[in-house]
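# have a look at this fold, sequence not included:
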DNA sequence: GGTCATTTGCAATTTTGTTGCGTGTAGTAG
DNA sequence: CTACTACACGCAACAAAATTGCAAATGACC
């Protein structure tokens, strides 16, 4: 990475909605995440808090190196970010996304609201999608003999602007 | 890779069904794929044919290095396999799968029948799943302004045997 | 068979992710 | 407030996956 742009990367559009109580909700999410960390017998360390804050403030799925560009994470080693995100994933605090370019991206998942993404095949911009897979399908997978079933789902398409060009 | 086993890899179970006309169907899939290649103005080269044959014969999603272990691909360079698979993906001849371990896997997709997978979170075995996402959802994503919408969908769970242990 | 653009193989490199180990720090007990 | 201890962090080295540039080989067309 280091250079500046992202070679294999995925650019993000942040379509921020004004939800009124944004600030308060972010704080609530942060403290509930910190409680989850303590409940798991883990420590409230500076890197963990910084990573949570970054993920909660800008909730796009970010790669490890995208995350490390936030000033909040100054001085935090790349290895630490990998380890923290892996731990958070196991706690269910973050969700890992694969956009098909060989890089994992992570987003905050402590706030219950589960969603997926559409990625433009041309410009690689991403957008959130509220659609999800019907419960009946998950049930049928469970019946194949699997417990604790989760899923990944991403949509790919050509966005309006790229279609024009 | 090279060693023998797969370090970050995903083991596969091949539950082969006897569908009667297997041989004939495989040949039909191969020649229709070759036609697609010609239609795209590309050449029928030995590596491309070998890769298609391997993918059609053993239709599990394979990583590049798993594919290269097939004797059909003896002497074919890893770079070539990457390039061929990327080209095939663009033609819609193969489908790329991400099982969350940082490696892309590919399977033949020229035969219309589209499916997904369940991956065991513990032993990483995979199995095919015929369930797919309802068309209505794809339509709604299209309405967000995207053309040519495709998707990836994978299920993760704990299989029977791993549950026992 | 000869020509030429496409495709391949090789070598080198980049990017992503992991491991081992000494140091630091959060949490706790005194 | 200080000291202790185990968890967590940072650094350096490593490993695997994927990409790039370029010369040589090969398939398509004449």
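Yep, that arrived. All of these numbers come straight from a predicted model, not from anything done at the bench. Numbering: from 1, shown residues only, chains lettered A, B, ... in the order given.

# hmm, the longest strand along chain A touching DNA strand C?
Longest strand in chain A by number of residues (criterion: DSSP state E): strand A:147-158. No - Strand A:147-158 lies out of reach of DNA strand C by Cβ under 7 Å from any atom of the strand, never closer than 13.9 Å. Where C-beta positions appear, they are placed from N, C-alpha and C, glycine not excepted.

# contact partners for the residue most central in space within chain A?
Residue closest to the average C-alpha location in chain A (Cα atoms, centre = their mean): residue A:107, at 1.3 Å. Residue A:107 makes contacts with A:55, A:59-62, A:94-95, A:97, as judged by Cβ atoms under 8 Å, 6 or more residues apart in numbering or on different chains.

# from residue B:98, how far out is the residue nearest to residue A:158 when sequence neighbours are not counted?
With Cβ to Cβ, 6 or more residues apart in numbering or on different chains as the criterion, residue A:158 has its nearest non-adjacent residue at 4.6 Å, and that residue is residue B:147. Per Cβ to Cβ, to the nearest Å, residue B:147 is found 23 Å from residue B:98.

# when those two are compared, which one has more neighbours?
Legend: neighbour count by other Cβ atoms under 10 Å in any protein chain shown for residue B:147 and residue B:98, higher for residue B:98 (21 against 13).

# that one bridge partners, please.
Bridge pairing for residue B:98 (DSSP bridges) gives the partners residue B:104.

# quickly find the element holding the residue nearest to the centre of chain A.
Using DSSP states H and E, residue A:107 falls within strand A:104-108.

# also residue A:140?
Residue A:140 is part of helix A:135-143, with elements assigned from DSSP H and E.

# buried sites along that helix?
Of all the residues in helix A:135-143, those buried under the rule 16 or more other Cβ atoms under 10 Å in any protein chain shown are A:137-138, A:141.

# wait, residue A:44 sits on residue A:33?
No - between residue A:44 and residue A:33 there is no contact under Cβ atoms under 8 Å: 10.1 Å.

# any low-confidence regions in chain A?
Along chain A, the parts satisfying pLDDT under 70 run over A:1-23.

# which parts of it sit against chain B?
When proximity is defined by Cβ under 8 Å from any Cβ of the partner chain, chain A lies next to chain B at A:96, A:98, A:100, A:102, A:104, A:118, A:120-121, A:127, A:129, A:131, A:133-134, A:137-138, A:140-142, A:144-160, A:163.
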